[in-house]
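K.L.:
no FASTA, just this:
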């Protein structure tokens with residue numbers, strides 16, 4: 001008979017074949033299996049699942065619910081093979097996640113964000129242009145920030161007017177068509193980038209002021225800074241427009257058009 005560790009390897013392999021990354025879930029489940037081994041437990045019970053999910057003492061309710069939910073999905077898989085397995089009920093440690101209402105950008109707000117981003121560190125030949133072009137691209141394509149930052153130079157076909165997103169949500173790839181005005185904006189950025197860094201040190205399409213791949217933490221830092229500067233957010237306040245809300249803006253504009 002297979003051990004829980006064997007079942008976990010099979011479970012992760014199956015889910016990943018379906019396109020799920022499960023990086024965080026895999027870490028939690030391996031921790032759970034070690035806990036079960038320490039308990040000398042051969043199969044999952046609700047009592048042991050609850051005991052693991054509520055450790056360590058003091059963790060937030062949402063963390064407890066998330067941990068138990070991860071075990072629940074694994075238990076559902078194992079139960080089909082080992083009927084001794086108990087699947088914790090959904091009502092145990094239930095937590096309802098409330099998604100923030102997306103900010104509904106006005107077109108003028110997006111234009112102001114782009115112009116403010118262009119003024120970031122005006123003495124640097126490319127820094128402001130990078131952030132301005134990135135924000136504009138997110139607004140007109142609906143791409144996720146991580147997808148845009150993950151673009152390599154070979155993924156941007158400005159002749160054919162199409163972007164290739166290779167690692168989108170769920171590990172899927174897709175093509176994103178570009179309007180002629182977007183192609184022109186990206187071409188202007190490429191000219192500035194290649195002038196600033198004639199010898200590229202990375203394959204990334206969007207680069208930092210050092211010529212390296214741009215990271216989300218930096219982008220979000222500057223986005224929050226210019227959003228506060230424009231009065232769209234208040235310093236230290238978690239409410240207000242986010243980068244991700246530009247996807248919502250794109251969806252609305254697409255429907256309106």
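P.N.:
Here it is on my side, so go on. Not measured: the values here are computed from a predicted model. Numbering: from 1, shown residues only.

K.L.:
Pretty sure residue 178 sits against residue 186.
P.N.:
Yes: using C-beta atoms under 8 Å, residue 178 and residue 186 qualify as a contacting pair, with a distance of 7.3 Å. Heads up, the C-betas are built off the backbone N, CA and C, glycines and all.

K.L.:
Which neighbours do those two have in common?
P.N.:
residue 158 (C-beta atoms under 8 Å, 6 or more residues apart in numbering).

K.L.:
In the stretch 51-200 of the chain, mark out all the strands, start to finish.
P.N.:
Chain-ordered strands for the stretch 51-200 of the chain, with DSSP state E, counting those that start in this stretch as the definition, fall at 156-157, 162-165, 174-177.

K.L.:
so which of these gets nearest residue 18?
P.N.:
Each of the strands of the stretch 51-200 of the chain has some distance to residue 18 by C-beta to C-beta; the shortest is strand 174-177, at 17.2 Å.

K.L.:
Name all residues that make contact with residue 36.
P.N.:
Applying C-beta under 8 Å, 6+ apart to residue 36 gives the contacts 4, 44, 48, 52.

K.L.:
could you redo these as CSV and give each row distance to residue 159?
P.N.:
Written out in CSV, the entries for the contacts of residue 36 read as follows (distance: C-beta to C-beta, whole Å):
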residue, distance to residue 159
4, 53
44, 55
48, 59
52, 55
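
K.L.:
Now do the buried residues in stretch 92-111.
P.N.:
For stretch 92-111, the buried set under the neighbour-count rule, 16 or more other C-beta atoms under 10 Å, comprises 93, 102, 103, 105, 109, 110.

K.L.:
May I see those residues arranged in JSON lines, with pLDDT as well?
P.N.:
Formatted as JSON lines, these follow (pLDDT from 0 to 100):
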{"residue": "93", "pLDDT": "77"}
{"residue": "102", "pLDDT": "89"}
{"residue": "103", "pLDDT": "90"}
{"residue": "105", "pLDDT": "93"}
{"residue": "109", "pLDDT": "96"}
{"residue": "110", "pLDDT": "96"}
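
K.L.:
Out of those residues, which sit inside helices?
P.N.:
Secondary structure defined by DSSP state H assigns 109, 110 of the buried residues of stretch 92-111 to helices.

K.L.:
so what's residue 68 closest to, chain neighbours aside?
P.N.:
The shortest distance from residue 68 to any residue that is not its chain neighbour, by C-beta to C-beta, 6 or more residues apart in numbering, is 3.9 Å, and that residue is residue 53.

K.L.:
Not counting sequence-adjacent ones, nearest residue to residue 102?
P.N.:
Looking at residue 102 with C-beta to C-beta, 6+ apart, the closest residue is residue 248, at 3.8 Å.

K.L.:
ok, now residue 223?
P.N.:
Beyond its immediate neighbours in the sequence, the residue positioned closest to residue 223 (C-beta to C-beta, 6+ apart) is residue 243, lying 5.3 Å away.

K.L.:
give me every residue that touches the residue nearest to residue 68.
P.N.:
When contacts are counted by C-beta under 8 Å, 6+ apart, residue 53 is found next to 64, 65, 67, 68, 71, 93.

K.L.:
If you rank those residues by neighbours, which is first?
P.N.:
Of all those, the highest neighbour tally under other C-beta atoms under 10 Å goes to residue 71, namely 25 neighbours.
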